[in-house]
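**Q** next come a sequence and a model predicted from it.
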Amino acid sequence: MIRLLRPFGRTVTYTRLLHLFIAIVWPSMWLFVEEAWWTWAAAALVLLPVGLVPAMRTVEGLQARLLLTGQRPDGESNGIVVAPSASWSDRGRLVVWLQARLLIGCVTSMFTVHLLMAVVDLGAAAFGGDTASGELLLLDGHSWWHVLLMPVASVALAATVVASGRLITALAHRLLGPSPAERLAAMEERTEQLLERTRIARELHDSIGHALTVAVVQAGAARAAGDPAFTDRALDAIEETGRAALEDLERVLGVLRESGRPAGSRPTLTEAGRLLESARASGAKVDAEMTGPLDTVAGPVSREGYRILQEALTNVLRHAGAVPVRVRVAVDNGSLDLEVRNPLTGAVPGPGRGSGLRGIRERAALLGGRAHTGPDRGDWRVRVELPLR
């Protein structure tokens, strides 16, 4: 019983009925002027060109969101579109919607008004009063048993209100919902958002992970050395690396705060010198060779190349420590070649382990390039080829 009564405790049940009544206000006013059946046919014909106006989809969508779903018109999408009609298919569905809303509104209003009057007439007949509409119910005089029919009419009235509201809401999702093209556009937008979140996660992993690795290595080396001069240099390196990590963190947070902020402020390969100096300050013997015009490399390629180099050097410091590292960055023949090699100092990791190596491969794949990571002639090698176009 409680479940059956639950819809009548919701505001949306009554706003749906209001939505249907609004649809027949102007035809009803017309009916008072010309009491003829053709007024409803004329109203249906008027709605045909109205449905072809693109802006009408916005008007109907806003009404449906507010009155049929009980949500704010400017809220998140709930299956009802508020954008203007973009195709003839959208216009056709809107015409069908307007006709269906008029028809369901007409039938619902007729049933609800007549059932409400029936409840009143049954009560009046039971208690000896005058009925509001004698022709509506064929009542045999005034009898007490007429009151027993009042619940039947009341249940029919309640069922009409709930059923018509659910029917018009289902039609709204069907006829005012997104078209296949709009669904595809929404899916693409969602995919872009997921890719952006993945990119931000990589940015944080590479930048903060590099800074923490350098700090841990420097602190351990300073403690083991016991040399005040070396400790000062280690603290300087930790400070510089931490400051750079804070700048990177601020950039990433800026992207999160401002979705339209360009990515041009992210570091590029022209700033790779600070990565090499940071690795050298951590004890690694870095032999770097950079050839070709790095400043002419396209922004996306240069930025991703910087992150790949950063992650490769971070892995060297984290897993191999202070070992000789050979870095080669070359721009030639329409591609960017990046290679980082260091001697193997322990067990060879399994393929695909670690989010860092996976991130390197994903960055390369997104730019149409290739990444190779693994042992090579006694060294651990990270080699990436990125097309410049």
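**A** Done, it's in. Computed from a predicted structure; not experimentally measured.
**Q** can you list the residues that contact stretch 232-244?
**A** The contact list for stretch 232-244 (CB atoms under 8 Å, 6 or more residues apart in numbering) reads 210, 211, 214, 215, 218, 219, 221, 222, 274, 278, 281, 282. To be clear about C-beta, it is placed using only N, CA and C from the backbone, and glycine gets the same treatment.
**Q** next, the third one: secondary structure please.
**A** Taking DSSP: H, G, I helix; E, B strand; the rest coil as the rule, one finds residue 214 in the helix state.
**Q** what helix or strand is the closest residue to it other than its chain neighbours on?
**A** Using CB to CB, 6 or more residues apart in numbering and skipping the chain neighbours, the partner closest in space to residue 214 is residue 241 (4.4 Å). Element membership of residue 241, judged by DSSP states H and E, is helix 228-257.
**Q** rounded mean pLDDT for that helix, please.
**A** Helix 228-257 carries an average pLDDT of 72.
**Q** show the subsequent helix or strand relative to it.
**A** Per DSSP H and E, the first helix or strand lying C-terminal to helix 228-257 is helix 272-281.
**Q** remind me which residues of the stretch 201-350 of the chain are low pLDDT?
**A** Within the stretch 201-350 of the chain, the segments meeting pLDDT under 70 span 202-203, 205-207, 210, 248, 250-265, 346-350.
**Q** if we use 50, what do you get?
**A** 260-264, 350 (pLDDT under 50).
**Q** could you look up the SS state of residue 339?
**A** Residue 339 ends up strand, using three-state DSSP.
**Q** in contact with it, which residues?
**A** Residue 339 makes contacts with 326, 327, 328, 329, 381, 382, 383, 384, as judged by CB under 8 Å, 6+ apart.
**Q** make it 6 Å
**A** Counting by CB atoms under 6 Å, 6 or more residues apart in numbering, residue 339 touches 328, 383.
**Q** pull out the buried positions in stretch 151-160.
**A** Within stretch 151-160, the residues that count as buried by 16 or more other CB atoms under 10 Å are 153, 156, 157, 158, 160.
**Q** which of the residues you listed fall in helices?
**A** 153, 156, 157, 158, 160 (DSSP state H).
**Q** now render these as CSV, adding distance to residue 359.
**A** Shown next, in CSV, are those (distance: CB to CB, whole Å):
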residue, distance to residue 359
153, 69
156, 64
157, 63
158, 59
160, 60
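**Q** ok, now how distant is residue 209 from residue 383?
**A** In this view, residue 209 and residue 383 are 21 Å apart by CB to CB, to the nearest Å.
**Q** cool, residue 224 as well?
**A** Taking CB to CB, one finds residue 224 at 33 Å from residue 383.
**Q** higher neighbour count, the two?
**A** Per other CB atoms under 10 Å, whichever of residue 224 and residue 383 has more neighbours is residue 383, with 18 against 9.
**Q** hmm, the more buried one is touching residue 372, no?
**A** Yes: between residue 383 and residue 372 there is a contact under CB atoms under 6 Å: 4.7 Å.
**Q** check the gap between residue 61 and residue 313 for me.
**A** Noted for residue 61: a distance of 53 Å to residue 313, by CB to CB.
**Q** of those two, which one has the most company?
**A** Taking other CB under 10 Å, residue 61 and residue 313 do not tie; residue 313 has more neighbours (26 against 21).
**Q** and the more buried one, which helix or strand is it part of?
**A** Element membership for residue 313 (DSSP H and E) is helix 299-319.
**Q** and for residue 289?
**A** Residue 289 is part of strand 285-291, with elements assigned from DSSP H and E.
**Q** got the angle between that strand and helix 299-319?
**A** Inter-element angle recorded for strand 285-291 and helix 299-319: 160 degrees (by axes from the mean of the first three to the mean of the last three CA atoms, to 10 degrees).
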